[in-house]
Each structure stands twice: as C-alpha cells, then as structure tokens.
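Participant: All I have is the shape, not the residue letters:
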C-alpha cells in the first residue's frame, strides 16, 4: 500500500513541476494532494508497533515532504513559483527513494520517549534547512541573471522565465534568513537533545563520531552566519556560501553517512 502511495505522490509531484505557472490554483491543489499521499506513505513505511524504520531514504524523503509544505505555505504569501521548479523534481525523486532503499527496522520499545521527539525535531531541522538551501540556489541564479550582460529577454528559456517570476532579491533574502533562523533553532534543539540525553536516546554516552562532528560543524556554520548577519551585516554571496556550506555539512552528518553505510558498504544500523 505504501509503495502505491509513494508512486502516486511521485506522479503528482512530476505533474506539479510540469504545469504552467498560470495554473496557480491547480498547482496548489495538486501539491496539497501529492503532499498528503506522500505523508501517509511515509507514516506507513516508517512507523510500526514498537519499531521505527530508519535510513537515508526515509530521512531524505521526510525532509523533502516537510520542504514541500514550507514551499506551499510560503507561496501563498509570496510569488515563489520559481522555487517549484527546484522543489518538485527533488520531491519526485525523494518520494521514490523509500521504495528502492527501504532502510532498516530499529526496535524502540525499550527506548526513552525522548527518542521520538529527537527524531522528529531532527527531521524538521533537516527539512527547514533543505528548503533554505533550495532558496539559496535560486538566489544565486537570480543574482547571476541580474548581473548578466545580456538582456533578460535574450535566450532566457524556461530557467530565465522561472527566475523572472521570483520576488526581488531583498525579499528573497529576508525569507532566506527567516528559514535559517527557524532551522538553526531546530538544529540547536537536535544537537542539545543528542548531547544531554545521549545515554537515554542511544543507550551510550555521547560519541564524537562522524555524525556528531558534522552536525556540530553545521551548527557552527549556521550560527556564524546568523551572528555575522546581526553584527556585521553579512548578505549576498557571503550568506549564500555559508548557507550552502552549512547544508552540505548537515547532509553529510546523517543522510550522506547513511547512504554510504546502506548502499556502498551494505551495512545495517550504526
């Protein structure tokens, strides 16, 4: 049943990516339907009585699921149709990943109730910073286009048309830092719960393994960006570089490491 819903969600995401921009109401409705199907499929795939299925595919799929919701809500307040061109193809792939890589089942009967909250907050942090990374990529393309020597109308293509539909760079920047601020708070809670409740969550003291090191490095990068924004007025390319570096580091912390363990090394939960 879950696989059918995953395929249905992927099909609807693909339809959302291909629909013309003028069909705004249809895009909004199809996005909501795809998001609902994706969420039901994720719930059925990830949760079982006394157990939790985890893996890079489930985590990445859940991150894109929340990212689609963030796009849907923000698009109601700002003209972010250009973001759809990036988010929907990625959501299409993310909806199919759990079918191809189902992950491993972890028993959670004897674990602290804090474990569920830790996982939920971690997914929200990944998701919020994922949509921030999409946002940063669009801003980089938008800035490049503004500084291009050729006129906007010459050879613009569908990418140029998509960028032309975005709000002004200052508005995009304001949205970016709103997302980063929310994501940083969630990431801080994730890191803090992992440090303070490590014994209860994972049955062992805090380990400085690759996941924790990369997570802390990502936290430092996003914290430095917000501090630099507040005290030094960082913006533009500096903000975009910090955002993408922080996101790449965060992706390596769990999704990247799980991909290597599951797909490359064919190892179970670690």
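Facilitator: Right, received. Where do you want to start? Remember, it's a predicted structure, so these values are computed and weren't measured experimentally. Residues are numbered from 1 along each chain as shown.
Participant: So which elements touch the helix or strand hosting residue 219?
Facilitator: If you go by DSSP states H and E, residue 219 is part of helix 210-232. In terms of contacts (3 or more CB pairs under 8 Å, 6 or more residues apart in numbering; DSSP states H and E), helix 210-232 is packed against helix 169-196, helix 236-251, helix 257-259. To be clear about C-beta, it is placed using only N, CA and C from the backbone, and glycine gets the same treatment.
Participant: and with 6 Å instead?
Facilitator: Packing contacts for helix 210-232, counted by 3 or more CB pairs under 6 Å, 6 or more residues apart in numbering; DSSP states H and E, involve helix 169-196, helix 236-251.
Participant: Show the average pLDDT along the longest one.
Facilitator: In other words, helix 169-196. Taken as a whole, helix 169-196 has an average pLDDT of 85.
Participant: Which elements pack onto it?
Facilitator: helix 114-146, helix 210-232.
Participant: thinking again about what came up before, pipe the helices and strands packed on helix 210-232 into JSON lines and attach distance to residue 2 per row.
Facilitator: Formatted as JSON lines, the helices and strands packed on helix 210-232 follow (distance: least, CB to CB, whole Å):
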{"stretch": "helix 169-196", "distance to residue 2": "26"}
{"stretch": "helix 236-251", "distance to residue 2": "25"}
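Participant: and the ones you listed as a markdown table, adding distance to residue 39 and mean neighbour count?
Facilitator: Converted to a markdown table, the helices and strands packed on helix 210-232 look like this (distance: least, CB to CB, whole Å; neighbours: other CB atoms under 10 Å):
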| stretch | distance to residue 39 | mean neighbour count |
| --- | --- | --- |
| helix 169-196 | 19 | 18 |
| helix 236-251 | 22 | 19 |
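Participant: Compare those helices and report which one is nearest to residue 75.
Facilitator: When the helices and strands packed on helix 210-232 are compared by CB to CB, helix 169-196 sits nearest residue 75, at 10.9 Å.
Participant: That closest one vs helix 210-232, what angle?
Facilitator: Comparing the axes of helix 169-196 and helix 210-232 via axes from the mean of the first three to the mean of the last three CA atoms, to 10 degrees yields an angle of 140 degrees.
Participant: Ok, which of the helices and strands packed on helix 210-232 comes nearest residue 60?
Facilitator: When the helices and strands packed on helix 210-232 are ranked by proximity to residue 60, the top entry is helix 236-251, at 8.7 Å, counting by CB to CB.
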